[in-house]
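> Quick one, what's the 3D model for this:
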Amino acid sequence: MAGNIRENINYDKIAEMESFKQLTKKKNNFLWTLTAIFLAAYLLLPILTSFTEILHHKAVGEITWVWFYSAGLFIMTWGLAHLYVAKANSFDKEAKAIIEEYERGVN
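Numbers count the residues shown, from 1 in each chain. Below is the predicted model of the structure:
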């Protein structure tokens, strides 16, 4: 084994491991949920501005609610990106543990 590169790994066998299947399911659920939240929030903006008057009302002075909603989308995007990075790091740790479990079973 050179550095962090593992040789002779049977990835098909890893894909059959229950721990890998659980990680894949957990990761897919997280990613689909994050995607749904992101798309719903972004698609709601044109719907609310085009078909309703909700966001056209003044919030502070001459500033309407659409500006606050739009700013919130930027904040949400940064927040979701931060959440994704944190969660991806935990998924990486779990993946490493699965490879170690595989290696213990093979050796």
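> Now do the helices in the chain.
In order along the chain, the chain carries the following helices (DSSP state H): 11-16, 18-51, 65-106.
> so which of those gets nearest residue 59?
Nearest to residue 59, of all those, is helix 65-106, at 4.9 Å by Cβ to Cβ. (C-beta placed from N, C-alpha, C; glycine too.)
> Mind giving me the packing neighbours of that closest one?
Counting contacts by 3 or more Cβ pairs under 8 Å, 6 or more residues apart in numbering; DSSP states H and E, helix 65-106 is packed against helix 11-16, helix 18-51, strand 58-60.
> re earlier: any chance of the helices of the chain in a markdown table, with mean pLDDT and mean neighbour count too?
A markdown table is the format used below for these (pLDDT from 0 to 100; neighbours: other Cβ atoms under 10 Å):
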| stretch | mean pLDDT | mean neighbour count |
| --- | --- | --- |
| helix 11-16 | 92 | 11 |
| helix 18-51 | 97 | 12 |
| helix 65-106 | 94 | 13 |
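> that older thread, quick one: which of the helices and strands packed on helix 65-106 is nearest residue 88?
Here helix 18-51 is closest among these (Cβ to Cβ), at 8.7 Å.
> In a markdown table: the helices and strands packed on helix 65-106, plus distance to residue 73.
Rendered in a markdown table, the data for the helices and strands packed on helix 65-106 read as follows (distance: least, Cβ to Cβ, whole Å):
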| stretch | distance to residue 73 |
| --- | --- |
| helix 11-16 | 37 |
| helix 18-51 | 6 |
| strand 58-60 | 16 |
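> would you list the helices of the chain in CSV and tack on distance to residue 57?
As requested, these are arranged in CSV below (distance: least, Cβ to Cβ, whole Å):
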stretch, distance to residue 57
helix 11-16, 53
helix 18-51, 11
helix 65-106, 6
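> right, so of the helices and strands packed on helix 65-106, which gets closest to residue 96?
Closest approach to residue 96 among the helices and strands packed on helix 65-106 (Cβ to Cβ): helix 18-51, 10.8 Å.
> quick one, the closest one and helix 65-106 angle?
Relative orientation of helix 18-51 versus helix 65-106 (axes from the mean of the first three to the mean of the last three Cα atoms, to 10 degrees): 170 degrees.
> So which other helices or strands are in contact with helix 18-51?
Contacts defined by 3+ Cβ pairs under 8 Å, 6+ apart place helix 18-51 against helix 65-106.
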